[in-house]
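>>> Structure, please.
(chains A and B)
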Amino acid sequence: MFDLILLSLQVAVIATLINIPIAIYVGWLIGRRNIKGKLILETLISLPLALPPVVTGYFLLILVGREAPLGQLSRFIFGADIVFTWVASAIAASVVSFPLMVRAIIVAMQGVDTTLERSARSLGAGPLRTFFKITMPLCYNGLVAGVLLGFVRAIGEFGATIVVAGNIPGRTQTIPLAIYSKVQLGKDSEALNLILVSALMAIVTLIVHHWLIIRGSKKRAG
Amino acid sequence: MSIQLNVTKKYGDFELAIQTVIGNGITGIFGPSASGKSTLLNCIAGFEDPDGGQITLNSKTVFSSSSKINISPEKRRVGYVHQHSALFPHLTVRQNLEFGYNLTEKYRRVGNLEDVVHLLQLEQIIERGVTNLSGGERQRVALARSLAASPDVLLLDEPLASLDLPFRGFILEKLREISRGRNLDMVYVSHSVSEMIALADSVIVIRNGMKVVEGNASLLLNNSSVADYVDYGSFENILQGVVDGSVDENLSALTIGDVRLITPKLASEKGKQATVSIKASDIIVSKYLPAAISARNILKANIASINHSENPTFIDCEIGGWVLTAAITRQSVLDLGLRTSDEVYLIIKATSVIPMELY
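Next up, the predicted model:
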């Protein structure tokens, strides 16, 4: 049970960590910049949200499978496959949770008053300093919401993971996959224990979310 | 500091095309809404890129479409005070001030942070967050924050538009003080004639993206190009003087130039500066010294100019080195036979003098 929780956390944390910088960049691109093809980019990043996770998993299999370019690259560099490893689970969780994280960040970025950024620039701050000292702190709530939403989605990921990483106990089996297996095998009490653990993790995540938001508000109120 | 501008900028059907030189002191940019005033400031500050032309700040080209020069805003050393203050909500007042101050090289700093805090009287709120400040407090912090970065020129985009009277008086007073004391040139955008006349050394009138006229701020009272959108009825004289103590428990005296003006009780102590406003339409013009009258102020003046073109007619009266503008009907001018350089008496009730003091 402990190994199962640890693997689930490992997959979700890695997926979230991969997503954070990309989501911030894409969020800034869509939320703050007037770029061409914004609609196409928005559609693409939201696609995993609209597609059945199994379909997303299938696309990932095409991308990182043994014969796929990324799979071959991995074998060339690391001497190992991606598919049916915890790395594949993390990639699946990352792709599926990305739209939730980035959408929250886009909304937060769009909410930042441009005059604040302009003020920062006129006070001598360059674009990077302005981004990290003004834009990012003002996106705090959206950022926290996006990251934790993404984390919760990653920890509960099932459909794409089972296609690209399988359901191998001790290697790729995360809590949702384990619950599925226990139910399939009629081990209802064991499944219930995992369901309780899953619910507990979700509750803790939501408490952390609220705590971070309140902490941010207090800090802001001075 | 002089700003040489020759810029064009198009937004759909609107086109800004301005060619002018902004000189020393306080220059007012006056015009109706959507005339291109803020766009012009944004181009000077570097927030918006003109479609073409050139901007030179103190002989340094900061934008040139032909030479492909476009200096970024943080390197232009141009301060900017927005209408709604644009304070950083996640920082305290002190942190807002320190933001630009810490980014300014030491040799460029004009005074230290505490000087600015003292100048704008921010001691009581310096450690507070900015989200709970009043509009006037926020604008004082915004002005202080810009000053703390020691800019070469300060752009002000309708900074008094959302403030009530005492804060307007305070900020106007400070802007004059800063302009003179720090020798800081300012470009002040507003559509208030009263503010322009009270503050600006010169004014540029913009309309539909084009410069219409430029010159002394008093032109706003007698120029046909602005007559159709200026609310002359609300024109007020904004005056600064030195408090001359109390007259009785309800009245104070304010010395402006050589003139002693009786005002409602002023909060400022004797010897301190105070700003007051007098609506031009509250001033009565008489050719003769009234024998017995309840009004507390009867000021002998000479007519410097009469604007015959508009109704009400504005009469600029010179009193001991400063000018007070009265607004009377055209018929009154004709009946009294008023002419330039005539000696007149201006009658002002003490209660028509409105203090614009902060405390």
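>>> partner residues bridging the residue in chain B that chain A sits nearest to?
Residue nearest to chain A within chain B: B:Gly129 (2.7 Å; Cβ to the nearest Cβ). Just so you know, the C-beta spots here come from the backbone N, C-alpha and C atoms, and that holds for glycine as well. Taking DSSP bridges as the rule, B:Gly129 bridges to B:Thr92.
>>> Show me where chain A has its helices.
A:2-32, A:38-50, A:53-64, A:69-78, A:86-110, A:114-122, A:127-130, A:136-138, A:140-155, A:159-164, A:175-184, A:188-221 (DSSP state H).
>>> The residue of chain B closest to chain A touches B:Thr92, doesn't it?
Yes. Here B:Gly129 reaches B:Thr92: they are 5.6 Å apart, a contact under Cβ atoms under 8 Å.
>>> any idea how far B:Gln54 lies from B:Lys60?
Separation of B:Gln54 from B:Lys60 (Cβ to Cβ, to the nearest Å): 11 Å.
>>> Tell me the residues on chain A that lie near chain B, please.
Within chain A, the positions near chain B by Cβ under 8 Å from any Cβ of the partner chain are A:113, A:115-116, A:118-127, A:129, A:133-134, A:137-138, A:140, A:219-222.
>>> how about low-confidence regions in the chain?
Just going to use chain A. Scanning chain A for pLDDT under 70 picks out A:219-222.
>>> my bad, chain B
For chain B (pLDDT under 70), the answer is B:1, B:308-310, B:358-359.
>>> Spell out which parts of it neighbour chain A.
B:45-47, B:72-74, B:76, B:78-80, B:82, B:84, B:86, B:88-90, B:92, B:99-100, B:103-104, B:127-132, B:145-146, B:149, B:151.
>>> among these, which are in strands?
B:Val78, B:Gly79, B:Tyr80 (DSSP state E).
>>> need the contact list for the second one.
What it means is B:Gly79. A:Ser122, A:Leu123, B:Ser146, B:Leu147, B:Ala149, B:Pro151, B:Val153, B:Leu154, B:Leu155 (Cβ atoms under 8 Å, 6 or more residues apart in numbering or on different chains).
>>> Quick check: beta-bridge partners of it?
Counting by DSSP bridges, B:Gly79 forms beta bridges with B:Leu154.
>>> Tell me the spacing between it and A:Ile155.
49 Å.
>>> Then A:Arg75?
A:Arg75 is 29 Å from A:Ile155, by Cβ to Cβ.
>>> now do B:Lys265
69 Å.
>>> quick one, which of those two is more surrounded?
For B:Lys265 versus A:Ile155, neighbours defined as other Cβ atoms under 10 Å in any protein chain shown are more numerous around A:Ile155 (24 against 13).
>>> What are the buried residues along the helix or strand containing B:Leu143?
Counting by DSSP states H and E, the element that carries B:Leu143 is helix B:135-148. Judged by neighbour count using 16 or more other Cβ atoms under 10 Å in any protein chain shown, the buried positions of helix B:135-148 are B:136-148.
>>> Just the buried residues of the residues of chain A next to chain B.
The buried subset of those - by 16+ other Cβ under 10 Å - is A:115-116, A:118-125, A:129, A:133-134, A:137-138, A:140, A:220, A:222.
>>> circling back: comparing B:Gln54 and B:Lys60, which residue is more hemmed in?
For B:Gln54 versus B:Lys60, neighbours defined as other Cβ under 10 Å are more numerous around B:Gln54 (18 against 12).
>>> Where does the more buried one sit: helix, strand or coil?
Under the three-state scheme (DSSP: H, G, I helix; E, B strand; the rest coil), B:Gln54 adopts strand.
>>> Which residues are in contact with it?
By Cβ under 8 Å, 6+ apart, the neighbours of B:Gln54 are B:Gln4, B:Leu5, B:Asn6, B:Val7, B:Thr61, B:Phe63, B:Ser64, B:Ser65, B:Ser66.
>>> my read is the fourth one is in a strand, agree?
It stands for B:Val7. Yes. Counting by three-state DSSP, B:Val7 is located in a strand.
>>> Now the nearest residue to B:Val130 once chain neighbours are set aside: phi and psi?
What sits nearest to B:Val130 in space, not counting adjacent residues and going by Cβ to Cβ, 6 or more residues apart in numbering or on different chains, is B:Leu87, at 4.3 Å. Main-chain torsions, B:Leu87, degrees, to the nearest 10: phi -80, psi 150.
>>> Now for B:Leu87: which residues touch it?
B:Asn96, B:Val130, B:Leu133, B:Arg138, B:Val141, B:Ala142, B:Arg145.
>>> Return the closest of these with respect to B:Val189.
Set against B:Val189, the nearest of the contacts of B:Leu87 by Cβ to Cβ is B:Ala142 (14.4 Å).
>>> From A:Val197, how far off is the closest one?
Distance from B:Ala142 to A:Val197, by Cβ to Cβ: 52 Å.
>>> From the rest of the structure, what touches stretch B:253-273?
With Cβ under 8 Å, 6+ apart, stretch B:253-273 has contacts from B:173, B:239-247, B:249-252, B:274, B:276, B:296-297, B:299, B:319-322, B:348, B:350-351, B:353-355, B:357, B:359.
>>> thinking again about what came up before, same list, the contacts of B:Gly79, but as a markdown table with distance to B:Ser38 please.
Output for the contacts of B:Gly79, formatted as a markdown table (distance: Cβ to Cβ, whole Å):
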| residue | distance to B:Ser38 |
| --- | --- |
| A:Ser122 | 14 |
| A:Leu123 | 19 |
| B:Ser146 | 16 |
| B:Leu147 | 21 |
| B:Ala149 | 21 |
| B:Pro151 | 18 |
| B:Val153 | 16 |
| B:Leu154 | 15 |
| B:Leu155 | 10 |
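>>> Run through the residues that contact B:Val116.
B:Leu97, B:Leu122, B:Ala144, B:Leu147, B:Ala148.
>>> Can you classify it as helix, strand or coil?
Under three-state DSSP, B:Val116 comes out as helix.
>>> So which residues of chain B form helices?
B:37-45, B:93-103, B:113-119, B:135-148, B:165-181, B:193-199, B:224-227, B:330-336.
>>> export the ones you listed to CSV and tack on distance to A:Leu100?
CSV is the format used below for the helices of chain B (distance: least, Cβ to Cβ, whole Å):
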stretch, distance to A:Leu100
helix B:37-45, 36
helix B:93-103, 33
helix B:113-119, 43
helix B:135-148, 36
helix B:165-181, 45
helix B:193-199, 50
helix B:224-227, 54
helix B:330-336, 70
